[in-house]
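Student: Fold the following and give me the result.
(chains A and B)
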There are 2 protein chains.
Amino acid sequence: MFKTIEWKNNNVVMIDQRLLPNEEVYRTYKDFPGVAEAIRKMVVRGAPAIGVAAAMGIALGASGIKAKGRKEFAGKFERICKLMAATRPTAVNLFWAIKRMKGVVKGNPKLAPDELKEKLVQEAKKIHVEDIEINKQMGKFGSRLIKNRATVLTHCNAGALATAGYGTALGVIRAAIEDGKKVKVFADETRPFLQGSRLTAWELMKDGIDTTLITDNMAGYMMKKELIDLVIVGADRIAANGDVANKIGTYSVAVLAREHKIPFYVAAPISTIDLSIKHGDKIPIEERDRKEVTHIKNIPIAPDRIKVKNPAFDVTPHKLVTAIVTERGIARKPFEKSLKKLAVSPPVINNEK
Amino acid sequence: MFKTIEWKNNNVVMIDQRLLPNEEVYRTYKDFPGVAEAIRKMVVRGAPAIGVAAAMGIALGASGIKAKGRKEFAGKFERICKLMAATRPTAVNLFWAIKRMKGVVKGNPKLAPDELKEKLVQEAKKIHVEDIEINKQMGKFGSRLIKNRATVLTHCNAGALATAGYGTALGVIRAAIEDGKKVKVFADETRPFLQGSRLTAWELMKDGIDTTLITDNMAGYMMKKELIDLVIVGADRIAANGDVANKIGTYSVAVLAREHKIPFYVAAPISTIDLSIKHGDKIPIEERDRKEVTHIKNIPIAPDRIKVKNPAFDVTPHKLVTAIVTERGIARKPFEKSLKKLAVSPPVINNEK
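Tutor: Alright, predicted model coming up:
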């Protein structure tokens, strides 16, 4: 089995997701700028995985700080956090991870730089381990939503490759299968970066899960043919009202799901919920390079100077979301209440059937 | 300016649409099998252009028939028509063109093979010339639907490249611009064959029309941002009730248009209307090669043995269609009545504003 991201011999090792599925290449990052660049260039992607990578990148950066005392250390540490925060704007897990790493420094006011460095590495490793546990727990809750012999449509990759392992949306599918259910998956290819065809198809096939690849614009047709029983996707940020920012195209899938009376589920860790943002409209949407649209693997597929839009995410209004699966239970409408309750409460078992 | 298809020195010359926009290559076809293969392999595509190509291919085939008398000629001619009918199943213009060519043989029972051959070439050329006139007439009607400073979303390519010239949906846009209106276009890239990014973007840029390329899954986002005023697409076959078969993804765009209260127009010649088919469900949908989805320009973008669906078309139910623009006027609901009226009547001027 592959590992999305790993702390190894004081380096960060990541599978290069840009090269999948054709090549399985692991890259070793020895310093902070390397990890920041890997996030920006999407060597690693997926909100939870970005969070883990950010934490590990900051731990690497902190380890390399040369400082005479705590004050100098804290200043340089702040600078590293700021640079990390500038890598990608939409996934809130990035900012959540930075906050957690900052908390280590703030929460240990007596520790000297060398001790802090050690603590920061421990924290990054902890975030990594926790993320897998969170996904497994999310899977336990989410599995209840998937009936035996269901066919599930997913968009983008919210799998082991988008997390420390197991996955959010794909973790729910894995859990349903582990619970003995037969599940088929339809994967949208997810232009322009092709996370569906390159990543979701690859990791589900590795697990022997029955997966059919379609282009994004075929989802409506498959729903109309009654081939889809439910939709489940991940999230990059969830506003307090339940509006969900996720990979571009998610919104269209949600509109189509409602048109066909198909439930639309979102699976995401509590760290993806941003209670500071009331509505999805306030979530910053990253615009990425035009070349993602005009080229595939450096080969042009559009005229040279054509104008291009490339928003990397869209926002699905909460009214289109049936439920949100988290590691602390399943949130239903009204999401203002249910999300807040889950966000502030310790892990609890939700009794929903 | 380019020519999509042309009868030249008793050969058929076509621009190879598979190579656009990177290369502008014209291919010369000297016989019937070559043209049939060109239709199958999508050297030429787009319902009206397929109709013209089929007619020219049959004319070529007829010219090559060696027959002692009319009876032998007719038998061989039938065989050619049958082979042509098997090239692609969805676009009804193919069958319409075959029927017209058959009509030449049937309608001239006294003519000898050599005279029939000449008549068939004339008929194919006539279909070609008429198609351009039809598009211009369609543009005159359709232009009324486009306001000054409108932004139009289109899917696939219903342009000069999909017809003998000028285009159906893009013809309407061209006519609006010729009428002095400012029009901006958003073009869906249209996976898997990329007719939007490769063909629509290319031909609109050639005309200096303000065009922005997006991936198919961005259309919903653009509508939500209120960047789209109307949608206009072509059609491969229209059932008697107004259900529209068109390039895969059209249905999703239509659902999204209704969600955002954006008018959804279809532009197609009368030859695209198939009154023999009551509902869209009865329209045969072509499934194409998996490689169109798993590869782009022979480069793999998905795991080797992944399951794939590749329906080339979908059906948009008439309830999602605001109006259908033809060369004889604009049909509105109920389409059963309006389409029938247009289909059986001679060209008339529609007084709609």
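Student: How far away from the center of its chain is the longest helix seen in chain A?
Tutor: Secondary structure assigned by DSSP state H gives helix A:113-143 as the longest helix of chain A. Helix A:113-143 sits 14 Å away from the centroid of its parent chain (CA atoms, centre = their mean, to the nearest Å).
Student: and A:Trp7, helix, strand or coil?
Tutor: strand (DSSP: H, G, I helix; E, B strand; the rest coil).
Student: what sits against it?
Tutor: Counting by CB atoms under 8 Å, 6 or more residues apart in numbering or on different chains, A:Trp7 makes contact with A:Val13, A:Met56, A:Ala59, A:Val121, A:Ala124, A:Lys125, A:His128. All C-beta atoms are positioned from the backbone trio N, CA, C, and that covers glycine.
Student: wait, what's in contact with the closest residue to the fourth one other than its chain neighbours?
Tutor: Ranked by CB to CB, 6 or more residues apart in numbering or on different chains and with sequence neighbours excluded, the top spatial neighbour of A:Val121 is A:Ala59, at 4.6 Å. Taking CB under 8 Å, 6+ apart as the contact definition, A:Ala59 lies against A:Trp7, A:Met101, A:Lys117, A:Leu120, A:Val121, A:Glu123, A:Ala124.
Student: Can you verify my assumption that the third one contacts A:Ala62?
Tutor: Pointing back at A:Lys117 there. Yes. Checked against CB atoms under 8 Å, the pair A:Lys117 and A:Ala62 is within contact range at 5.3 Å.
Student: Let me know the closest of the contacts of A:Ala59 to A:Gly165.
Tutor: Distance to A:Gly165 across those (CB to CB) is lowest for A:Trp7, with 13.3 Å.
Student: quick revisit: the more surrounded of A:Lys117 and A:Ala62?
Tutor: A:Ala62 (27 against 21; other CB atoms under 10 Å in any protein chain shown).
Student: and that one, what helix or strand is that in?
Tutor: For A:Ala62, the element it lies in under DSSP states H and E is helix A:47-63.
Student: Return the distance of the helix or strand following that helix from the chain's centre.
Tutor: Once the chain leaves helix A:47-63, the next helix or strand it forms, by DSSP H and E, is helix A:70-85. The chain centre lies 25 Å from the centre of helix A:70-85; the measure is CA atoms, centre = their mean.
Student: Give me the residues contacting helix A:70-85.
Tutor: A:32, A:36, A:39, A:54, A:57-58, A:61-62, A:65, A:67, A:94-95, A:98, A:101-102, A:105, A:111-113, A:116.
Student: Buried ones only from these, please, as a PyMOL command.
Tutor: The PyMOL selection below is limited to those of the contacts of helix A:70-85 classed as buried (16 or more other CB atoms under 10 Å in any protein chain shown):
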select buried, chain A and resi 32+36+39+54+57+58+61+62+65+67+94+95+98+101+102+105+111+113+116
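Student: Pretty sure A:Ile38 sits against A:Arg27.
Tutor: Let me fix one detail, which is that residue A:38 is Ala and not Ile. Yes. The pair A:Ala38 / A:Arg27 is scored as a contact, 7.1 Å apart, by CB under 8 Å.
Student: Between the two, which has more neighbouring residues?
Tutor: A:Ala38 (24 against 15).
Student: show me what contacts the residue in the stretch 251-353 of chain A that chain B sits nearest to?
Tutor: Residue nearest to chain B within the stretch 251-353 of chain A: A:Ser252 (3.6 Å; CB to the nearest CB). A:Ser252 is in contact with A:Asp216, A:Ala219, A:Asp314, B:Asn217, B:Ala219, B:Gly220, B:Tyr221, B:Ser252, B:Leu256, counting by CB under 8 Å, 6+ apart.
Student: just A:Thr90 next, same as before
Tutor: A:Asp236, A:Arg237, A:Ala245, A:Ile283, A:Pro284, A:Ile285, A:Glu286, A:Ala312, A:Phe313.
Student: and which of the residues you listed is nearest A:Ile270?
Tutor: A:Arg237 (12.4 Å).
Student: Find me the pLDDT at that closest one, would you?
Tutor: Looking at A:Arg237, its pLDDT stands at 97.
Student: What of A:Met1?
Tutor: 81.
Student: Ok, A:Ala175 next?
Tutor: Reported pLDDT for A:Ala175: 98.
Student: Please tell me how far it sits from B:Thr163.
Tutor: Counting by CB to CB, to the nearest Å, the gap from A:Ala175 to B:Thr163 is 52 Å.
Student: neighbour-wise, which of these two wins?
Tutor: For A:Ala175 versus B:Thr163, the count of surrounding residues by other CB under 10 Å is larger for B:Thr163: 31 against 24.
Student: Sketch out the low-pLDDT regions of the stretch 101-250 of chain A for me.
Tutor: Filtered on pLDDT under 70, the stretch 101-250 of chain A yields no residues whatsoever.
Student: does the next helix or strand after the longest helix of chain A come close to chain B?
Tutor: Per DSSP H and E, the first helix or strand lying C-terminal to helix A:113-143 is strand A:150-154. No. Applying CB under 8 Å from any CB of the partner chain, one finds strand A:150-154 separated from chain B by no less than 11.8 Å.
Student: Just the CA coordinates for strand A:150-154, please, in CSV.
Tutor: Taking Å, rounded to 0.1, in the frame of the first residue of the first chain, the C-alpha atoms of strand A:150-154 are listed here in CSV:
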residue,chain,number,x,y,z
ALA,A,150,-25.6,1.0,-3.5
THR,A,151,-23.8,2.9,-6.3
VAL,A,152,-22.0,6.0,-5.1
LEU,A,153,-20.9,8.9,-7.2
THR,A,154,-17.9,10.8,-6.0
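Student: Name the residues of the helix or strand that that strand is followed by that come out as buried.
Tutor: Sequence order places helix A:169-178 as the next helix or strand after strand A:150-154, per DSSP H and E. By 16+ other CB under 10 Å, the buried positions in helix A:169-178 come out as A:Ala169, A:Leu170, A:Gly171, A:Val172, A:Ile173, A:Arg174, A:Ala175, A:Ala176, A:Ile177.
Student: how about those residues in a markdown table, adding distance to A:Arg45?
Tutor: Below are those laid out as a markdown table (distance: CB to CB, whole Å):
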| residue | distance to A:Arg45 |
| --- | --- |
| A:Ala169 | 14 |
| A:Leu170 | 14 |
| A:Gly171 | 16 |
| A:Val172 | 19 |
| A:Ile173 | 19 |
| A:Arg174 | 19 |
| A:Ala175 | 23 |
| A:Ala176 | 25 |
| A:Ile177 | 24 |
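Student: per-residue pLDDT, the residue lying farthest from the centre of chain A?
Tutor: Most distant residue from the mean C-alpha position of chain A: A:Lys68, 37.5 Å away (CA atoms, centre = their mean). If you check A:Lys68, the pLDDT there is 93.
Student: Quick check: it vs chain B, distance?
Tutor: 51 Å (CB to the nearest CB, to the nearest Å).
Student: quick one: that residue and A:Glu118, what's the gap?
Tutor: A:Lys68 is 18 Å from A:Glu118, by CB to CB.
Student: How about the residues of the stretch 101-250 of chain A by chain B?
Tutor: So the stretch 101-250 of chain A meets chain B at A:186, A:188-192, A:194, A:197-198, A:201-202, A:205, A:210-222, A:224, A:248-249 (CB under 8 Å from any CB).
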